[in-house]
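**Student:** Task: produce atomic coordinates for the following.
(2 chains)
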Protein chains: 2
Amino acid sequence: MGEFDLIARYFTRPAAPGGGVALGVGDDCALLAPAPGMQLAVSSDMLVEGRHFLSTVDPAALGHKALAVNLSDLAAVGAKPLAFTLALALPAVDERWLAGFARGLFALADAHGCQLAGGDTTRGPLNICITVFGEVPAGGALLRSGARAGDDVWVSGTLGDARLALEVFRGTLAVPAEVFGAARERMERPAPRVALGQALRGLASSAIDVSDGLAGDLGHVLKASGVGATLDADAAAGRIAARRAAGLDGFGADTWRSLALAGGDDYELAFTAPAPARAAVEQAGRSCGTPVTRIGRIEPAPGLRIVDAQGAPLAQRFASFDHFGTP
Amino acid sequence: MGEFDLIARYFTRPAAPGGGVALGVGDDCALLAPAPGMQLAVSSDMLVEGRHFLSTVDPAALGHKALAVNLSDLAAVGAKPLAFTLALALPAVDERWLAGFARGLFALADAHGCQLAGGDTTRGPLNICITVFGEVPAGGALLRSGARAGDDVWVSGTLGDARLALEVFRGTLAVPAEVFGAARERMERPAPRVALGQALRGLASSAIDVSDGLAGDLGHVLKASGVGATLDADAAAGRIAARRAAGLDGFGADTWRSLALAGGDDYELAFTAPAPARAAVEQAGRSCGTPVTRIGRIEPAPGLRIVDAQGAPLAQRFASFDHFGTP
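**Tutor:** Just a heads-up that it's a prediction; the model follows:
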């Protein structure tokens, strides 16, 4: 199958009118037309086999995840998804793989009204690069730089489950099969918090999506905002779905804390908001069906101080996962 | 070196005010703010080692080319470059390579006022995915679908030189060293016709950039426009710079025609314009310092008819280079 046949078969769909896309797949460029007064939020993520996913992954789950990690970046700035481009390097044309990948990709895209607007296909080691576009009112984006001393630190949904599944795959942790199944679903099909991100515009003072681990990602917010924070590791570790669902508690507190604070691949939102906005933040979470949990406080002194449920400092750094760092 | 240090050292530069970029590298998303009345043109290209470039390529040339092929897509729709995102998979952190790559990339970006607005870095087989953004007045983009019977077919600059260099590398053709040097420069450092694309807005009826070979790329225009064309293969082959410069003529007419019509990697513009616009098109070329050559005519009957300088039909198909086709 030629490159153009491949694009036509799997990645060209009838253009939906409007939605910010004036011209989609099939010309040298796509044309985007954000509504007047809106800015265009843009993010690119590249997924590589062996680094971001295992070769055994279900292609539909991979299609889902490749877009989900990008939608999560839109969520973090409070943008409404409009469109995306897909660049794909494939070692060979495997029609079953492509059909599955396209199915998972478009199911999530359709759920968020996000159109495929263009892209590129080539032969090469498997690599998926998606660039996503959303719109946000000019001046209304949630940025990493807005946290202020006195703000609460919040996190959405659940933490640590994706990493738990990875560690079970690696054989370093063991959990009952049904717990693993749910954790694996979180790893393979993360739910980007797109509705919550938009609901937090005007409430949150800063936001970031949790991709490399809560402690590290929150560190980017602190640095960009010129502040510090104290974080309750046990409040964060209490958000691990597998632990709550199964009443598991055999790993020891530090393992739970590590999963929650340094697990990565969560695609939740970590955000800050002034204390008077607490009720409104909780209401925003309820309106989106996404629980939000208060896990800390922004302070003037730089640095991230991690404490236990009793407020006692913890020594462990809970360093972030870094694609180029030594493990 | 960690991922974030790498981004900071090589791919973060002080934000230039304005230019359509409201927020650049360093948050979950970049924010683009096209001027009122403008649409945003978007294109993604992925470059893979062994497929799009040789492992021996100078990293500065590669940085140039990775952006050039994307700027060429903006040129084809007549858009003014604003910004780009860069996603990069690297097998290892090689600081000399990165410094060279960044130098070549930013030299071309600066020449076109195109800011790096964001991206991603990861470890993996070498892969460069750039998504580029430009602005074009709403309704003013040059599309593939606008060619009409009676229009002239034009091409910019020179054709076939990049492929000539590739064939010399492969050992299938031999040319004097100085001819090879110039052809190799065309292969490694193509000049995207950004100024010409903008100058052709309101003049050209359709346009495409020549990346896979003139015959194949023009075929996309014919299909999108529902028309056909007759193309003078010898007029196109007369645009091979190496042939003109050195007075070479030893390869035989069909080799020259193949280089010009199916060579690929030219990053020239093929475009159509109504016959009354001839003088204006030539003036647009002169104003940009880019020669333009009339090489054919759009006709109502579908299909591409390739003829020699005397108008006699040629049998050869001059099929386009296709990344997934059999060679």
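**Student:** roughly how far apart are A:Ser287 and A:Leu196?
**Tutor:** Counting by C-beta to C-beta, to the nearest Å, the gap from A:Ser287 to A:Leu196 is 9 Å. For the C-beta atoms, the positions are set from N, CA and C on the backbone; glycine is no exception.
**Student:** quick one: which of those two has more around it?
**Tutor:** A:Leu196 (26 against 11; other C-beta atoms under 10 Å in any protein chain shown).
**Student:** measure stretch A:295-309 end to end?
**Tutor:** End-to-end span of stretch A:295-309 (C-alpha to C-alpha, to the nearest Å): 10 Å.
**Student:** Stretch A:263-279 now?
**Tutor:** So stretch A:263-279: terminal residues 29 Å apart, C-alpha to C-alpha.
**Student:** Next one: that stretch, is it in contact with chain B?
**Tutor:** No. Counting by C-beta under 8 Å from any C-beta of the partner chain, chain B has no neighbours in stretch A:263-279; the shortest distance is 9.7 Å.
**Student:** looking only at pLDDT, what's the mean for that stretch?
**Tutor:** Stretch A:263-279 shows a mean pLDDT of 96.
**Student:** again with stretch A:76-89
**Tutor:** pLDDT averaged over stretch A:76-89 gives 94.
**Student:** Ok, stretch A:135-143 next?
**Tutor:** Rounded mean pLDDT across stretch A:135-143 is 94.
**Student:** send the alpha carbons of that stretch over as PDB?
**Tutor:** Below are the C-alpha coordinates for stretch A:135-143, written out as PDB (Å, rounded to 0.1, in the frame of the first residue of the first chain):
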ATOM      1  CA  GLU A 135      -8.600  27.500  21.800                       C
ATOM      2  CA  VAL A 136      -8.600  29.600  25.000                       C
ATOM      3  CA  PRO A 137      -9.800  33.200  25.500                       C
ATOM      4  CA  ALA A 138      -6.900  35.600  25.100                       C
ATOM      5  CA  GLY A 139      -5.300  36.100  28.500                       C
ATOM      6  CA  GLY A 140      -7.400  33.300  30.000                       C
ATOM      7  CA  ALA A 141      -4.900  30.300  29.800                       C
ATOM      8  CA  LEU A 142      -3.900  28.600  33.000                       C
ATOM      9  CA  LEU A 143      -0.100  29.000  33.200                       C
END
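**Student:** The spatially most central residue of chain A: what's it in contact with?
**Tutor:** With distances taken as C-alpha atoms, centre = their mean, A:Tyr267 lies nearest the centre of chain A, 2.6 Å away. Contact partners of A:Tyr267, counting by C-beta atoms under 8 Å, 6 or more residues apart in numbering or on different chains, are A:68-69, A:72, A:190-193, A:209-211.
**Student:** quick one: least confident of these?
**Tutor:** Among the contacts of A:Tyr267, A:Ser211 has the lowest pLDDT, at 91.
**Student:** count of neighbours near it?
**Tutor:** 22.
**Student:** got it, and the one 4 residues further on?
**Tutor:** By the other C-beta under 10 Å criterion, the neighbourhood of A:Ala215 contains 25 residues.
**Student:** Checking it next. Helix, strand or coil?
**Tutor:** helix (DSSP: H, G, I helix; E, B strand; the rest coil).
**Student:** do A:Phe133 as well
**Tutor:** What three-state DSSP gives for A:Phe133 is strand.
**Student:** per the record, what domains does chain A have?
**Tutor:** A:3-137, A:144-307 (automatic domain parsing).
**Student:** could you dump the contacts of A:Tyr267 to JSON lines with distance to A:His52?
**Tutor:** Formatted as JSON lines, the contacts of A:Tyr267 follow (distance: C-beta to C-beta, whole Å):
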{"residue": "A:Ala68", "distance to A:His52": "12"}
{"residue": "A:Val69", "distance to A:His52": "8"}
{"residue": "A:Ser72", "distance to A:His52": "13"}
{"residue": "A:Pro190", "distance to A:His52": "12"}
{"residue": "A:Ala191", "distance to A:His52": "17"}
{"residue": "A:Pro192", "distance to A:His52": "15"}
{"residue": "A:Arg193", "distance to A:His52": "19"}
{"residue": "A:Asp209", "distance to A:His52": "15"}
{"residue": "A:Val210", "distance to A:His52": "15"}
{"residue": "A:Ser211", "distance to A:His52": "10"}
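**Student:** so where's the stretch 201-327 of chain A uncertain?
**Tutor:** A:246-247, A:249, A:319-327 (pLDDT under 70).
**Student:** right, so of the domains of chain A, which gets closest to B:Gln39?
**Tutor:** domain A:3-137 (4.7 Å; C-beta to C-beta).
**Student:** what about the helices in the stretch 101-250 of chain A?
**Tutor:** Using DSSP state H, counting those that start in this stretch, the helices of the stretch 101-250 of chain A run over A:161-170, A:177-188, A:194-199, A:214-225, A:233-237, A:241-246.
**Student:** Which of those helices sits closest to chain B?
**Tutor:** helix A:214-225 (7.2 Å; C-beta to the nearest C-beta).
**Student:** Nearest to B:Val307, out of the helices of the stretch 101-250 of chain A?
**Tutor:** helix A:194-199 (55.0 Å).
**Student:** need the residues of the stretch 51-200 of chain A near chain B, please.
**Tutor:** Counting by C-beta under 8 Å from any C-beta, the residues of the stretch 51-200 of chain A near chain B are A:51-52, A:73-74, A:76-77, A:79, A:85-89, A:93, A:117-125, A:127, A:129, A:131, A:133-134, A:136, A:138, A:141, A:143-145.
**Student:** can you put the domains of chain A in CSV and add distance to B:Thr230?
**Tutor:** What follows is the domains of chain A, written out as CSV (distance: least, C-beta to C-beta, whole Å):
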stretch, distance to B:Thr230
domain A:3-137, 23
domain A:144-307, 51
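**Student:** quick one: contacts of the helix or strand hosting A:Arg286?
**Tutor:** Secondary-structure assignment from DSSP states H and E places A:Arg286 in helix A:278-288. Here helix A:278-288 makes contact (C-beta under 8 Å, 6+ apart) with A:152, A:154, A:156, A:193, A:195-196, A:199-200, A:203-204, A:273, A:291-292, A:294.
**Student:** Let me know the closest of the contacts of A:Tyr267 to A:Ala236.
**Tutor:** A:Val210 (10.1 Å).
**Student:** Neighbours of that closest one, how many?
**Tutor:** Residues near A:Val210, counting by other C-beta under 10 Å: 28.
**Student:** Quick one: residues contacting it.
**Tutor:** A:155, A:159, A:217, A:264, A:266-270.
**Student:** Please verify my assumption that A:Val307 contacts A:Ala229.
**Tutor:** No. Contact between A:Val307 and A:Ala229 fails when scored by C-beta atoms under 8 Å: they sit 10.6 Å apart.
**Student:** Okay then, goodbye and thanks.
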